[in-house]
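Asks: generate a structure from the sequence data that follows.
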Amino acid sequence: MKAISDVLDEKGHEVLQIEGDATVLDAIKRMVDENVGALLVTEGGKVTGIVTERDYLRRVTLEGRTEEETRVREILSAPLVYVTPETSVEECMAIMTERRIRHVPVFDGEHELVGLVSIGDLVKFQSKEQSFQIKFLHEYIESG
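Replies: Reported below is the predicted structural model:
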């Protein structure tokens, strides 16, 4: 069974972050520039939550706030739902489905941040794995 560590080995361990006192406008610009749907939020170097496109829509747009005046810490999602590198891909997908979330940070046993995975990362990884298995079985059948 494949683990989240396998996904991170393939996609990389980079995690985009933003300080909690940044404006929501700064966060949205960063997400657009980096083509991502979420940023981890930090306060003094410590991860305090996550801010996503959904947080923006629900807590800024629908509440009539402004992006320029609202701080990221005011709209972040916390406490964090997270996984470890040892968590299976299937278990991570189940957690995300059950919690209706699309991004999950990955912390190791020392509670150090080692990555962030999205549901898209997991689906892409699973698809590649299945394609590899199908190709292997096809070659095995044809060689016999």
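Asks: from here on, contacts and neighbour counts on C-alpha atoms
Replies: Fine.
Asks: is V36 in a helix, a strand, or coil?
Replies: The assignment at V36 comes out as coil when based on DSSP: H, G, I helix; E, B strand; the rest coil.
Asks: offset the numbering so it begins at 4, please.
Replies: Sure, I'll start numbering at 4, so the last one becomes V39.
Asks: that one and L125: what is the separation?
Replies: Using Cα to Cα, to the nearest Å, we find V39 at a distance of 15 Å from L125.
Asks: looking at these two, which is more packed in?
Replies: L125 (18 against 14; other Cα atoms under 10 Å).
Asks: count the residues that sit near T45.
Replies: 18.
Asks: so what's it up against?
Replies: Q20, I21, E22, G23, T51, G52 (Cα atoms under 8 Å, 6 or more residues apart in numbering).
Asks: what's the answer for V92, then?
Replies: Residues M4, K5, A6, I7, L125 are the ones in contact with V92 under the rule Cα under 8 Å, 6+ apart.
Asks: who wins on neighbours among those residues?
Replies: I7 (24 neighbours).
Asks: where does that one land on pLDDT?
Replies: We have a pLDDT of 98 for I7.
Asks: ok, it to K32 distance?
Replies: Taking Cα to Cα as the criterion, I7 is separated from K32 by 28 Å.
Asks: for the spatially most central residue of the chain, which non-adjacent residue is spatially closest?
Replies: Closest to where the C-alpha atoms of the chain average out (Cα atoms, centre = their mean) is H106, at 2.9 Å. Closest residue to H106 apart from its sequence neighbours, by Cα to Cα, 6 or more residues apart in numbering: S121 at 4.3 Å.
Asks: in CSV, list the contacts of T45 along with distance to A97, pLDDT and neighbour count.
Replies: Below are the contacts of T45 laid out as CSV (distance: Cα to Cα, whole Å; pLDDT from 0 to 100; neighbours: other Cα atoms under 10 Å):
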residue, distance to A97, pLDDT, neighbour count
Q20, 25, 98, 18
I21, 27, 98, 23
E22, 29, 98, 21
G23, 29, 98, 24
T51, 23, 97, 18
G52, 21, 98, 21
